[in-house]
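**Student:** A structural model of the following input is requested.
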Amino acid sequence: MSLMGGAPDIAHEHAALAAFGLQPERTEPTILQIWPENMETVELFDFMRTQWNVAPAGGVVGLRYEALPVGFTACGIPLDRQPLALRGLQFMESAAIEHINRKK
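**Tutor:** Next up, the predicted model:
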């Protein structure tokens, strides 16, 4: 699900999971309210969703920071706001790593 695409296409997501023999964890979408001052960071985190480094044993170790310049550009984050967006991204990354690796 993309944060940029509006409402999620639940039927499409369920079909994609079913193609791999998986069942969705929940049937209702989660509605998030994001403060405007955090939107750039959330959009950057969403952009980076395919840029995870995974250890040989399967644990997630962090994001591929070499992809950040493309992310900053794609999300339209000006140079003067990139340090703040990066700090927010690192906060979200840390929470995501803890959550993902806890499930293993």
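**Student:** domain-wise, how is the protein divided?
**Tutor:** What the record gives for the chain is the domain set 1-31, 35-102, from automatic domain parsing.
**Student:** in terms of mean pLDDT, which of these ranks lowest?
**Tutor:** Here these differ in mean pLDDT, and the lowest is domain 1-31 at a mean of 67.
**Student:** go ahead and confirm residue 59 touches residue 102.
**Tutor:** No - Residue 59 lies out of contact with residue 102 (Cβ atoms under 8 Å); the separation is 10.4 Å. The C-beta positions use only the backbone N, C-alpha and C, and glycine is treated the same way.
**Student:** looking at the two, which is more packed in?
**Tutor:** residue 59 (12 against 7; other Cβ atoms under 10 Å).
**Student:** give me the phi and psi for that one.
**Tutor:** phi -80, psi 150 (degrees, to the nearest 10).
**Student:** how close does the residue nearest to it when sequence neighbours are not counted get to residue 74?
**Tutor:** Spatial nearest neighbour of residue 59, chain neighbours left out: residue 101 (5.1 Å); criterion: Cβ to Cβ, 6 or more residues apart in numbering. Going from residue 101 to residue 74 by Cβ to Cβ, to the nearest Å gives 27 Å.
**Student:** got it, and residue 91?
**Tutor:** Taken as Cβ to Cβ, the span from residue 91 to residue 74 is 20 Å.
**Student:** what's the answer for residue 58, then?
**Tutor:** Per Cβ to Cβ, residue 58 is found 28 Å from residue 74.
**Student:** how about the helices of this structure, start to end?
**Tutor:** Under the criterion DSSP state H, helices of the chain are mapped to 10-19, 39-47, 68-74, 82-102.
**Student:** of the ones you listed, which stretch is the most buried?
**Tutor:** Compared across these, helix 39-47 shows the largest average neighbour count, a mean of 20 (mean count of other Cβ atoms under 10 Å).
**Student:** does anything pack onto that helix? Which helices or strands?
**Tutor:** Applying 3 or more Cβ pairs under 8 Å, 6 or more residues apart in numbering; DSSP states H and E, we find helix 39-47 packed against helix 68-74, helix 82-102.
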